[in-house]
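**Q** Structure of the sequence below:
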Amino acid sequence: MRKDKGFTLVEMMVVIAIMAIVSAIAVPNFYSYAAGMKLRSASRDLYSTLQSTRMKAIRQNTRWAVQFNAPTPTNYRVIDCGIDNICVSDDDSLKIPTMMSQYAGVNMTSFPGIVEFYPDGTSSGGIINFGNSTGHTSQVEVLISGRIKSS
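**A** Sure thing, here's the model as predicted:
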């Protein structure tokens, strides 16, 4: 008796067809998942930046702020308001920028011009909304009590 080893052409074509069908189903879901992850990452990054800024204001007993570019922010900056408590400055040496370009497809849809944090932990407050190309949204809210919420 003779034993043939290997696969037939028909068997290979069936396996390739099954792999193509599974890929066609999985790839769009992966892109949607990736877009959602970028949105959540951008929101969490801002959340942690705001928390860190608030802690700096409390620790150093001075005002700190997060300033957003207008009309469409491509970055936001942490500003040390210093002893004179001037939180709006064009001096880039006082600012620590965060680029939104690392979150391709995510945009800030609404934002305050600046969110200030005071030495007692309170803030000027504001709501920052994020959106992505798939229509999903996320929000970071800074209450005047200084509490920061992300949803």
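**Q** Report the residue spans of this structure with pLDDT below the cut-off.
**A** Residues of the chain meeting the criterion pLDDT under 70: 1-2, 70-73, 88-97.
**Q** If we use 50, what do you get?
**A** Along the chain, the parts satisfying pLDDT under 50 run over 93.
**Q** Can you tell me the centre-most residue of the protein?
**A** The geometric centre of the chain, computed from its C-alpha atoms, lies nearest to residue 42 (C-alpha atoms, centre = their mean), at 0.4 Å.
**Q** excluding its backbone neighbours, what's nearest it?
**A** The shortest distance from residue 42 to any non-neighbouring residue, by C-beta to C-beta, 6 or more residues apart in numbering, is to residue 103 (4.1 Å). For the C-beta atoms, the positions are set from N, CA and C on the backbone; glycine is no exception.
**Q** thinking again about what came up before, then the residue nearest to the centre of the chain would be within a helix, right?
**A** Yes: according to DSSP: H, G, I helix; E, B strand; the rest coil, residue 42 belongs to a helix.
**Q** Tell me how many other residues surround residue 139.
**A** Residues within reach of residue 139, counting by other C-beta atoms under 10 Å, total 15.
**Q** correct me, but it touches residue 148?
**A** No: with contacts counted by C-beta atoms under 8 Å, residue 139 stays clear of residue 148, the gap being 11.2 Å.
**Q** Can you list the buried residues in stretch 122-137?
**A** Neighbour-count burial for stretch 122-137, counted by 16 or more other C-beta atoms under 10 Å, picks out 122-124, 126, 128, 130-132.
**Q** Much appreciated, bye for now.
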